[in-house]
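Student: just the structure for this:
(one chain, ligands or ions: 1)
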Amino acid sequence: MTNQTNILYIEDNRDNQRLVQRVLGARGYHVHIAEDGTSGITLAQELQPALVLVDINIPGLNGYETTTRLRSMPHLAHVPIVAITADTMSSSRDRALVAGCDGYLHKPIDARQLPIQIAEFLGGRREVVSAPEEKDLLRAYNQELVERLERQVRDLSAANAELAELDRLKGQFLSTLSHELRTPLTALLGYLELFENGALGAVQPQQAEALAVMRRSSLVLSQQLNNLLYFQELRSHQLMRRSINMHETLQPLLAEMRHRATQARLLLHVRLGQMAPLHADPRAMEQAVRGLLDNAIKFSEAGGRIQFTMADTPAGALLRVEDTGIGIPEGALEKIFLPFYQVDDTLARPYPGSGLGLAIVRHIVDAHGGQISVRSELGRGSVFTVLLPRQVG
Ligand code: ADP
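Tutor: Reported below is the predicted structural model:
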């Protein structure tokens, strides 16, 4: 930081920005520019400006409102705030003063006068409104603020309703699309299976290989559609929680995952500890563990090892999936739980997926009042831990 005097100038017009920077810069002031009211308020929080210049006609919060907000900051209580405007009506001057300004300059900015005026304000010049008028002016200003607030609330509510409707339509579209795509896919998978188990006659080894690839791709597609459908469903439906035995709930899934791990030449080690019944939605629990195990399998190279642990701990029911896969860069650890986020989304990305798996897992864990955390090291593997609070079911 230099020991130059900081001046904050809130103005969206480039020509004025340049002019003020040039004129005041030449006098040794350090002029910081904010393009609108909200960024001016943010900048004022970081800076210790000796003076604030604010244009009245700025986007978003106008100059009066920005001034009122700046005035409420303790470190700006005695800092001169000077309004600049092209408006020549005397009521504008009074409005600026009741909003909290200490002075009022007219546009166009007079390059010769400006440094003199700034020096005066820095030296203590303060303009005030006459006391009898102040009350009426304040009331009028308040009235205007409330009216503007009311308009904003109405606009925002309308925009919100519109967004909610769009979101609903998008959800409906996604569901319809997923359903429509799933029907032909089911037929496709069925026939591929018939080929695979020889029910449609013998196939050559090369054909069998091609059929296996087709089946794997169709399964990935089917899984992605399921994720899309489930994601939509989760957003709009309540969970069906009841007292469940987690070992029983997850048994079919774990059998399926063992099979998939073996096919991918991975070792899946399952460690199931004692577990009291859990108050949870069984389908959601299955989906959450499926999401974590899916990823562990998908992001591991052949020869890797995956461990699934489930047990009661003093902190709650613990579910943990550890893998020795490719790992996740530190900067991505927070983002992987966002819908549609994938660490590497280039077209060459070798791992298929929709980026919805972990968003679904987190949604389910949150809905059960639990927590999910991840530790990972690039090239070494990842550990996903879910803790679900115990509840009397
Ligand atoms: P996707 O459908 O892409 O698997 P997810 O939401 O399940 O979507 O995961 C988001 C991203 O987080 C993945 O694309 C991947 O980059 C990363 N990721 C998730 N789990 C793992 C894991 N076990 N090992 C490495 N990367 C992972």
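Student: just checking, next helix/strand downstream of the lengthiest helix in the chain?
Tutor: Longest among the helix segments of the chain by residue count, using DSSP state H, is helix 131-196. Going down the chain from helix 131-196, the next helix or strand is helix 205-236, by DSSP states H and E.
Student: what ranges do the helices span in this protein?
Tutor: Using DSSP H, helices in the chain cover 14-26, 37-46, 63-71, 90-99, 113-122, 131-196, 205-236, 246-263, 282-298, 357-367.
Student: kindly reformat these as a markdown table containing mean pLDDT.
Tutor: A markdown table is the format used below for these (pLDDT from 0 to 100):
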| stretch | mean pLDDT |
| --- | --- |
| helix 14-26 | 96 |
| helix 37-46 | 95 |
| helix 63-71 | 96 |
| helix 90-99 | 86 |
| helix 113-122 | 96 |
| helix 131-196 | 90 |
| helix 205-236 | 85 |
| helix 246-263 | 95 |
| helix 282-298 | 94 |
| helix 357-367 | 93 |
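Student: can you put those in TSV and add mean neighbour count and distance to Asn6?
Tutor: Quick note: C-beta positions are derived from backbone N, CA and C, even for glycine. Compiled in TSV, these are given as follows (neighbours: other CB atoms under 10 Å; distance: least, CB to CB, whole Å):
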stretch	mean neighbour count	distance to Asn6
helix 14-26	15	11
helix 37-46	18	10
helix 63-71	23	14
helix 90-99	20	22
helix 113-122	16	11
helix 131-196	12	28
helix 205-236	15	47
helix 246-263	15	61
helix 282-298	22	50
helix 357-367	21	44
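Student: can you name every helix or strand that the longest helix of the chain contacts?
Tutor: helix 63-71, helix 90-99, helix 205-236 (3 or more CB pairs under 8 Å, 6 or more residues apart in numbering; DSSP states H and E).
Student: for the residue most central in space within the chain, which non-adjacent residue is spatially closest?
Tutor: Nearest to the mean C-alpha position of the chain, by CA atoms, centre = their mean, lies Leu338 at 7.4 Å. Distances taken as CB to CB, 6 or more residues apart in numbering put Ala359 closest to Leu338, at 6.3 Å, once the chain neighbours are dropped.
Student: and Leu254, what does it touch?
Tutor: 270, 308 (CB atoms under 8 Å, 6 or more residues apart in numbering).
Student: distance-wise, check Leu194 relative to the ligand.
Tutor: 29 Å (CB to the nearest ligand atom, to the nearest Å).
Student: hmm, that residue is touching Leu200, no?
Tutor: Yes - assessed by CB atoms under 8 Å, Leu194 is found in contact with Leu200 at 5.0 Å.
Student: the ligand contacts on this protein?
Tutor: Residues of the chain lying near the ligand by CB under 6 Å from any ligand atom: 291, 295-296, 299, 323, 325-328, 336, 341-343, 353-359, 382.
Student: among these, which ones are buried?
Tutor: Judged by neighbour count, with 16 or more other CB atoms under 10 Å as the criterion, the buried members of these are 291, 295-296, 299, 323, 325-328, 336, 342-343, 353-359, 382.
Student: isn't Tyr341 up against Gly355?
Tutor: Yes - assessed by CB under 8 Å, Tyr341 is found in contact with Gly355 at 5.2 Å.
Student: can you check the pLDDT for the residue lying closest to His106 once chain neighbours are set aside?
Tutor: Spatial nearest neighbour of His106, excluding adjacent residues (CB to CB, 6+ apart): Thr88 at 6.6 Å. Looking at Thr88, its pLDDT stands at 73.
Student: burial of Thr88, as a residue count?
Tutor: Using other CB atoms under 10 Å, the number of residues around Thr88 comes to 9.
Student: then Ile10?
Tutor: 30.
Student: for it, name its beta-bridge partners.
Tutor: Note on Ile10: beta-bridge partners Ala34, Val54, judged by DSSP bridges.
Student: what residues are up against it?
Tutor: 33-37, 40, 52-55, 58, 63, 66.
Student: mind checking pLDDT for it?
Tutor: Listed pLDDT for Ile10 reads 97.
Student: and Ser373, how far is that from the ligand?
Tutor: 13 Å.
Student: bridged to that residue, which residues?
Tutor: Applying DSSP bridges, one finds that Ser373 bridges with Thr385.
Student: that one is in contact with Thr385, isn't it?
Tutor: Yes - if you go by CB under 8 Å, Ser373 and Thr385 touch, sitting 5.1 Å apart.
Student: which of the two has more residues huddled nearby?
Tutor: Neighbour totals were compared for Ser373 and Thr385, and Thr385 leads with 16 against 12 (other CB under 10 Å).
Student: so that one touches Ala317, yeah?
Tutor: No - Thr385 lies out of contact with Ala317 (CB under 8 Å); the separation is 11.4 Å.
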